[in-house]
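> kindly generate the corresponding structure for this input.
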Amino acid sequence: MSGFSDLYISGLDFFKDRLDPSSYLLGIPAINNLTHLEFTCPVTFFVGENGTGKSTLLEAVAVNLGFNPEGGTKNYSFSTYDSHSDLCDAIRLVKGCKSPRSGYFLRAESFYNVATAEEEYSKGTGGRPMHYHERSHGESFLALVQETFLGNGIYLLDEPEAALSPQRQLTLMIEIMRCAKAGAQFIIVTHSPVLLGFPDATIMCFDGGSIKPCTYEETDSYKITKMFINNRNQILEQLFKEE
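Residues are numbered from 1 along each chain as shown. This next block holds a predicted model:
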C-alpha cells in the first residue's frame, strides 16, 4: 500500500505474569499464548469465532491508549457499566515516532451511550449539535464516522457491521480508505465478509489457540458465506431436517 505514512502502533507485547494466575483471560487460548503481535499496514482486522478474545484485546489496546472502555475519544469520561478487563495493564504497545492527532474507539454494542455523550459534549463546545438519536442506528453510526474520523488518527472499531447494512458497509470502506490515505491507522474486529475484503489489509485470525495472519479466503466469514450462498437450499434442508 504505497503512499501511506508510518504506523502509530507497530506492535504490542503481552506480559502474562502481570495477570492474576486465576484470571479468566488466561483461559482464552489466543490470549494465553500471545507474546508479541505486529501491525504492518494501516488497516488490520481481528477475526475468529465468538469468545476467542478479539474484542477483549481491542478493548485492552483502546484503554492502554487512553480511550474510554465504552467508546468515544480520549476526552470521554462517562461510564454506564465498568466491565473492561485488566488485560490493558498486561500489554505494552510499541508506538511509532509520531503521535496521532485524533482517535476514536467505536463499539457497536455501546454506541447508544456514545451517541448520547456526543450530543451532550457538542452542546458545551458551541459547535453544531450532532442529534445522533434522531437518526437510525446505522445512519448515526456512519454519520459519526464521516463527521469525526480524520487523517493522522488511530481508530479502533469493534464489530461495526452490527449497525450497518451491506451497502452501508461499502460506504464505511470508502471512509476507511479516505482516512488511511491521509495517514490514519485502523484496528477492526469484524465478522463481515464485506469489510474483510478491504484491499491490502492484514487479517489476524484468533482461532486455533493462537493469533496468526490469514488470507481473506481462509476466514470462516468468507468460507461460510460463500458456502451458504452457493448451497442455500441444501444447507437449510440439512439444518432443519427432522430427526
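
> just list the residues touching the closest residue to Cys41 other than its chain neighbours, thanks.
Using CB to CB, 6 or more residues apart in numbering and skipping the chain neighbours, the partner closest in space to Cys41 is Thr202 (5.1 Å). In short, each C-beta sits where N, CA and C put it, glycine included. By CB atoms under 8 Å, 6 or more residues apart in numbering, the contact set of Thr202 is Phe39, Thr40, Cys41, Val43, Thr44, Phe45, Pro213.

> what about 10 Å?
Applying CB atoms under 10 Å, 6 or more residues apart in numbering, one finds that Thr202 lies in contact with Glu38, Phe39, Thr40, Cys41, Pro42, Val43, Thr44, Phe45, Phe46, Ile187, Pro213, Cys214.

> narrow those residues to just the buried residues.
Buried subset of the contacts of Thr202 (neighbour count, 16 or more other CB atoms under 10 Å): Phe39, Pro42, Val43, Thr44, Phe45, Phe46, Ile187, Cys214.

> in this structure, which spans are helices?
When secondary structure is read from DSSP state H, the chain shows helices at 29-32, 54-65, 111-125, 137-148, 166-181, 220-230, 232-239.

> now mean neighbour count, mean pLDDT and distance to Ser23 too, for those, in CSV please.
What follows is these, written out as CSV (neighbours: other CB atoms under 10 Å; pLDDT from 0 to 100; distance: least, CB to CB, whole Å):
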stretch, mean neighbour count, mean pLDDT, distance to Ser23
helix 29-32, 20, 97, 9
helix 54-65, 22, 95, 11
helix 111-125, 16, 56, 26
helix 137-148, 18, 82, 32
helix 166-181, 17, 96, 33
helix 220-230, 14, 97, 27
helix 232-239, 10, 94, 37
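
> of all those, which lies closest to Gly11?
Taking CB to CB as the criterion, helix 54-65 is the member of these that comes nearest to Gly11, at 10.9 Å.

> which helices and strands sit right next to that closest one?
Contacts defined by 3 or more CB pairs under 10 Å, 6 or more residues apart in numbering; DSSP states H and E place helix 54-65 against strand 9-14, helix 29-32, strand 43-47, strand 91-95, strand 102-107, strand 153-158, strand 185-189, strand 202-205.
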